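[1] With the input below, show me the fold.
(one chain, ligands or ions: 1)
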Amino acid sequence: MIEGLERILLTEEQIDERIREVAAAVTERYRGRTLKLIGVLKGSVFFLTALARHIQVPVKIDFLGISSFGNRNGAPGLVRIARDLDDTIESEDVLLVEDIVDTGLTTRYLLQTLAGRGPHSLGIVTLLDRTCRRIVEVPVEFRCFEIDDRFVVGFGLDHKQLYRNLPYLAVLKPPV
Ligand code: IMP
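    Next comes the predicted model:
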């Protein structure tokens, strides 16, 4: 086990199998249309590329970069767009690709921002969903895995920018 990690939560095989299932569901939903996947840098990049490879309708991709400002207690706070999309999404079928929806604050902000740009449709697909920590409701159409309240890393998710490249998802050791 890599230093700092407690245990593997989801193996590479489990993730791959589930992503194929979700990609099939996405394909069904958008059959006959062109889909734009919007990834949120940097966490969702690994998931977006894995998912996109198994989607069977024409796909475009674009990325958003965000900065979060926690409040003084370390609680989730404001989010702003630090790097905007390259292209317009007007009249397009858009799927926002998230690594994890936790409190939902980030996703809700992004949804509101994107909705204001006139897409034909706007949905959410997330690798991980932690509904036990939800503060605001967000409509998650497609989720790969529901997880408990433990900090996880790997498959794009980081702790202090590390671990993103792990091909599996692991639980981080609690700080001593
Ligand atoms: P939310 O606004 O609370 O839903 O936070 C979503 C963001 O918090 C995600 O996009 C991640 O960047 C980060 N995050 C939340 N939980 C975890 C975790 O367990 N591991 C790594 N990053 C996390």
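
[2] for this structure, what spans make up the helices?
    Secondary structure of the chain by DSSP state H: the helices cover 12-29, 45-52, 105-115.

[3] Deepest-packed of the ones you listed, please.
    Ranked by mean neighbour count, the helices of the chain are led by helix 45-52 with a mean of 21 (mean count of other Cβ atoms under 10 Å). Quick note: C-beta positions are derived from backbone N, CA and C, even for glycine.

[4] helices or strands next to that helix in the packing?
    Contacts defined by 3 or more Cβ pairs under 8 Å, 6 or more residues apart in numbering; DSSP states H and E place helix 45-52 against helix 12-29, strand 35-41, strand 59-69, strand 93-101.

[5] Of all the residues in the second one, which ones are buried?
    This means strand 35-41. Under the neighbour-count criterion of 16 or more other Cβ atoms under 10 Å, strand 35-41 has 35, 36, 37, 38, 39, 40 buried.

[6] what's the most distant pair in the residues you listed?
    Taking Cβ to Cβ as the measure, the buried residues of strand 35-41 span a maximum distance of 16.5 Å, between 35 and 40.

[7] sorry, back to before: go through the buried residues of strand 35-41 and say which is closest to the ligand.
    Distance to the ligand across the buried residues of strand 35-41 (Cβ to the nearest ligand atom) is lowest for residue 40, with 6.4 Å.

[8] How about residue 87: what's its closest non-neighbour residue?
    Once flanking residues are discounted, residue 87 sits nearest to residue 62: 5.9 Å by Cβ to Cβ, 6 or more residues apart in numbering.
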